[in-house]
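>>> Mind looking at a prediction? Sequence and model below.
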Amino acid sequence: MQTDAVSTIAQLPSSELIDPFGRPVTYLRVSVTDRCDFRCVYCMSEHMTFLPKRDLLSLEELDRLCSAFVAKGVAKLRITGGEPLVRKNIMWLFKALSRHLDSGQLEELTLTTNGSQLPRYANDLKACGVERINISLDTLKPDLFKAITRWGDFNTVMDGVEAAEKAGIRLKFNAVALKGVNEDEFEEMVRFAHGRGADLTLIETMPLGDIDGDRTDQYLPLSIVRARLMDRFTLEDIDYKTGGPARYVRVKETGGRIGFITPMTHNFCESCNRVRLTCTGTLYMCLGRDDAADLRAPLRANVDDAALYDAIDAAIAKKPKGHDFIIERGRNKPAVARHMSVTGG
Ligand code: SAM
Ligand code: SF4
């Protein structure tokens, strides 16, 4: 009897951070820079204005903030951006955060990257305890890769994929579904990812931040992609959950998984366990809303963390129930003014 009680308690998330809807916040995504060495068409305009460098938190401050969340029960940290690996001396932060893996307080330290810097950093990441990373890859055609990313080089990213595999890091690929751009490639991308033992997650474009074009031109509902994939593969619904918004299927023919992230066609908010921290210390409680809390002021005002803990608690108490994205033709403003590269994808 007592054993049952103990095991039930052990299964409950241990986070102190419970939002008003009873959801434990166990996952923090941290954007360490809004800058990037690519200019993906759906993400930012080619002549993007970045934050002045002086507004950025230092790496030491980011470490202190992340550590405060870990102390409060966050078990998973994802470093993102912008392109996180272009931030100067970024390995210092990974090394510093890896102490929470060693202590057992943190279950996972991970990364979302465009892959361009992986040839240089894959081994260092692995040495810091990074076991799994997400690589964004929207096409397997080098010319189209250049057209989508504007500044990226496909072969460098492929070298990065190889470097990560060699380092023993598990990969997941993320692809944004873009109407008339990469929509004929998903079968090949499934084979590419699954052939490497990696999952593939497909993402709908979200109306975040101004870009050079109109997002209605890019928006491709994943319901259509899924239906087309079903002509090629046998998709089996599975109950695989990563704590994230993706709904997974298993592909019978390859044995691999496909995740579908459909903020536009399906509301994934009910199981949301995450909050997002920007590189200026602003905490967003929801990707799709403007509710935010400034953690930089309490961080800088005090050498001890008491005020910071209070500010984190107050922010979590304001986490909204969900978002309501829409992409409408003729609506020339994005649903949320911040780019994904600011909030962290
Ligand atoms: N630079 C890194 C990368 O590309 O993986 C990390 C940051 S990026 C903002 C994170 C993810 O957000 C990428 O997979 C990217 O494709 C996705 N993303 C960016 N803007 C988006 C948008 N408006 N809608 C949907 N996904 C977007
Ligand atoms: Fe850079 Fe990632 Fe945005 Fe592409 S999606 S521009 S790689 S931040």
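Structure received. Numbering: from 1, shown residues only. Ligands and ions are numbered 1, 2, ... in the order given.
>>> Which single residue in the stretch 151-300 of the chain comes nearest to ligand 2?
Of all residues in the stretch 151-300 of the chain, the one sitting closest to ligand 2 is residue 152 (7.2 Å; Cβ to the nearest ligand atom). For the C-beta atoms, the positions are set from N, CA and C on the backbone; glycine is no exception.
>>> so that residue, which of the three states?
What DSSP: H, G, I helix; E, B strand; the rest coil gives for residue 152 is coil.
>>> any idea how far residue 115 is from it?
9 Å (Cβ to Cβ, to the nearest Å).
>>> ok, those two, which is more surrounded?
Each of residue 152 and residue 115 has its neighbours counted (other Cβ atoms under 10 Å); residue 115 has more, 27 against 24.
>>> Would you quantify the distance from that one to residue 239?
30 Å.
>>> Contact residues of the stretch 101-250 of the chain facing ligand 1?
Counting by Cβ under 6 Å from any ligand atom, the residues of the stretch 101-250 of the chain close to ligand 1 are 112, 113, 114, 136, 174, 176, 203, 205, 206, 208.
>>> what are the ranges of the strands in the stretch 1-150 of the chain?
27-31, 76-80, 108-113, 132-136 (DSSP state E, counting those that start in this stretch).
>>> Now the longest strand seen in the chain: buried residues?
In the chain, taking DSSP state E as the definition, the longest strand is strand 170-177. Within strand 170-177, the residues scored as buried using 16 or more other Cβ atoms under 10 Å are 171, 172, 173, 174, 175, 176, 177.
>>> Please dump the residues you listed into TSV; it should also carry pLDDT for every row.
As requested, those are exported to TSV (pLDDT from 0 to 100):
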residue	pLDDT
171	98
172	97
173	98
174	97
175	98
176	96
177	96
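>>> Pick the one among those residues closest to residue 50.
residue 176 (21.3 Å; Cβ to Cβ).
>>> Quick check: closest non-adjacent residue to that closest one.
residue 203 (4.9 Å; Cβ to Cβ, 6 or more residues apart in numbering).
>>> on that earlier part again, and the strands of the stretch 1-150 of the chain: which comes nearest residue 39?
Between those, strand 132-136 lies closest to residue 39; by Cβ to Cβ that is 13.2 Å.
>>> Strand partners (parallel or antiparallel) of that closest one?
Taking DSSP bridges as the criterion, strand 132-136 forms sheet pairs with strand 108-113 (parallel), strand 170-177 (parallel).
>>> who wins for proximity to residue 272 among these?
strand 108-113 (17.2 Å).
>>> Now do the contacts for residue 194.
200, 251, 254, 255, 256 (Cβ atoms under 8 Å, 6 or more residues apart in numbering).
>>> Residue 269 now?
286, 321, 322, 323.
>>> Which of the residues you listed ranks first by neighbour count?
residue 286 (21 neighbours).
>>> Hmm, residue 254 is touching residue 232, no?
No - contact criterion Cβ atoms under 8 Å: residue 254 and residue 232 do not qualify, at 10.6 Å.
>>> Would you mind listing what in the stretch 51-200 of the chain touches ligand 2?
81, 82, 83, 114, 136.
>>> and the contacts of residue 194 as a markdown table, adding neighbour count, distance to residue 63 and pLDDT?
A markdown table is the format used below for these (neighbours: other Cβ atoms under 10 Å; distance: Cβ to Cβ, whole Å; pLDDT from 0 to 100):
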| residue | neighbour count | distance to residue 63 | pLDDT |
| --- | --- | --- | --- |
| 200 | 24 | 32 | 98 |
| 251 | 20 | 40 | 98 |
| 254 | 16 | 40 | 97 |
| 255 | 9 | 39 | 97 |
| 256 | 19 | 35 | 97 |
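>>> how about these, which pair is most distant?
200 and 255 (12.8 Å).
>>> still on that earlier bit, can you redo the strands of the stretch 1-150 of the chain as CSV with distance to residue 186, mean neighbour count and mean pLDDT?
Shown next, in CSV, are the strands of the stretch 1-150 of the chain (distance: least, Cβ to Cβ, whole Å; neighbours: other Cβ atoms under 10 Å; pLDDT from 0 to 100):
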stretch, distance to residue 186, mean neighbour count, mean pLDDT
strand 27-31, 25, 24, 96
strand 76-80, 24, 23, 97
strand 108-113, 20, 21, 98
strand 132-136, 15, 21, 98
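>>> Cheers, nothing more for now.
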